[in-house]
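Q: give the three-dimensional model of this entry:
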Amino acid sequence: MEFHGGTPREDLLDFSISVNPYIPKWAEKMFEECRRLSPKYSHIDWLDEIFSEVYGKDAVILAGATEAFQIIGFTLMNEAEVVIPFPSYGEFKRVASFRAIKIHTGLDLFDSFKLSKKISISGKKVILIFSSPNNPTGLCVPKETAEWIEEAEEAGVTVVVDEAFGDFVEEPVEICTSKTIKIRSFTKSYGMPGIRVGYVKSSFSKLFRKYRAPWAIGACGYAFVSYLIKDGGKFLQKTMPSIWKERKRFKAFGMKTDANFGMIEVGNAMTFQQKLDDLGIHVRSCESFGISGAVRLSVRTKDENDRLFQALEKNDFFERRDDLERNGLFFGW
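A: Just a heads-up that it's a prediction; the model follows:
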């Protein structure tokens, strides 16, 4: 069972990871800088001043969103009850298992907020963690979530929002307060997820600086941040419209999403995944999210998406989807 997506097979076109299919023109120069820096230790705190000037004093640079989750799991979740809405990214439950005294799953987002407030009002420590856009559905949370967060935080709940795919949302809505722990990722948006760089914004900035690894981002991460700041968002402004345009093609066959990925219902996900593998296309089974009848797809370039659609046609996906729709069994996501 896949837990994080991706495949070691280089002969497969990989739709299982949700990253920008384009990379910046400055990537080659950045890797040259990486080679220059690699014989040395690159201390992450050397970037703090320039990074905070752009992203705020409460922003802490980390080795991707994963390092933020690790720190939260070992510190804030210690002896806490953790509430994780369904469906959610599997990493939330994994880090909660480090030290949480109880993990609540299976409820939708609204009921998860209700439960969190109830636990907190009873005098217990509680952490609520979720994604927007959601992983694996790709859908953003409703606007009302901003009110739910304020009410939960007033009741003593610590709210963590994973916005790792926030750059891919065409019309983002701010839902977090100054108390909310907001986690963002860079390298997915810039097509280089193998470089681990992200950040967290929250009133807990001192805690994240204290527990982050001093050399975690490495030479390439250090070089990446330097070029990222120089870029000033120009790469995203250039490439995101192309992804949004291609995303419309996916919506045409029922994949509802606000991000660069989403789910489609296929019946047996593992069997469907293997059939596409045989055709040179790799998608992600959603079994690790607790959804056995769906796969997750990313939005890539037009030519790559054409190959995906051809593979879906060979598996009679569109015909089977029409049958499900006619019988009222296909609802989309």
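
Q: what about the protein, any weak spots by pLDDT?
A: For the chain, applying pLDDT under 70 flags the ranges 1-5, 319-333.

Q: going on from the lengthiest helix in it, what's the next piece of helix or strand?
A: Scanning the chain for the helix with the most residues, using DSSP state H, yields helix 234-251. Where DSSP states H and E defines the elements, the next helix or strand beyond helix 234-251 is strand 261-265.

Q: quick one: stretch 36-49 to chain centroid distance?
A: 26 Å (Cα atoms, centre = their mean, to the nearest Å).

Q: other residues contacting that stretch?
A: With contact meaning Cβ atoms under 8 Å, 6 or more residues apart in numbering, stretch 36-49 is reached by 61, 209, 212-223, 225-226. C-beta: built from backbone N, CA, C; applies to glycine.

Q: just the ones in strands from those, please.
A: Mapping the contacts of stretch 36-49 onto strands (DSSP state E) picks out residue 61.

Q: distance of residue 215 relative to residue 254?
A: According to Cβ to Cβ, to the nearest Å, residue 215 stands 45 Å off from residue 254.

Q: neighbour-wise, which of these two wins?
A: Between residue 215 and residue 254, counted using other Cβ atoms under 10 Å, the more crowded position is residue 254 (18 against 14).

Q: so the more buried one makes contact with residue 264?
A: Yes: Residue 254 is within contact range of residue 264, at 6.8 Å (criterion: Cβ atoms under 8 Å).

Q: which residues of this structure fall in strands?
A: Using DSSP E, the strands of the chain run over 13-14, 59-62, 81-84, 102-105, 126-131, 158-162, 181-185, 198-201, 261-265, 281-282, 284-285, 294-298.

Q: what would the ones you listed look like in a markdown table with mean neighbour count?
A: Converted to a markdown table, these look like this (neighbours: other Cβ atoms under 10 Å):
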| stretch | mean neighbour count |
| --- | --- |
| strand 13-14 | 18 |
| strand 59-62 | 26 |
| strand 81-84 | 26 |
| strand 102-105 | 16 |
| strand 126-131 | 26 |
| strand 158-162 | 24 |
| strand 181-185 | 24 |
| strand 198-201 | 24 |
| strand 261-265 | 26 |
| strand 281-282 | 22 |
| strand 284-285 | 26 |
| strand 294-298 | 26 |
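
Q: alpha carbons only: can I get stretch 180-196 in CSV?
A: Extracted C-alpha coordinates of stretch 180-196, given in CSV (Å, rounded to 0.1, in the frame of the first residue of the first chain):
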residue,chain,number,x,y,z
THR,A,180,-3.5,29.2,13.8
ILE,A,181,-0.4,27.1,12.9
LYS,A,182,-0.3,27.4,9.1
ILE,A,183,2.1,25.1,7.2
ARG,A,184,3.2,25.8,3.7
SER,A,185,5.5,24.0,1.2
PHE,A,186,7.6,25.5,-1.6
THR,A,187,9.1,22.7,-3.6
LYS,A,188,5.8,21.1,-4.8
SER,A,189,4.9,24.5,-6.4
TYR,A,190,8.3,24.8,-8.0
GLY,A,191,8.4,21.2,-9.4
MET,A,192,11.3,20.0,-7.2
PRO,A,193,9.8,18.0,-4.3
GLY,A,194,13.1,16.2,-3.8
ILE,A,195,14.4,19.4,-2.3
ARG,A,196,12.8,19.6,1.2
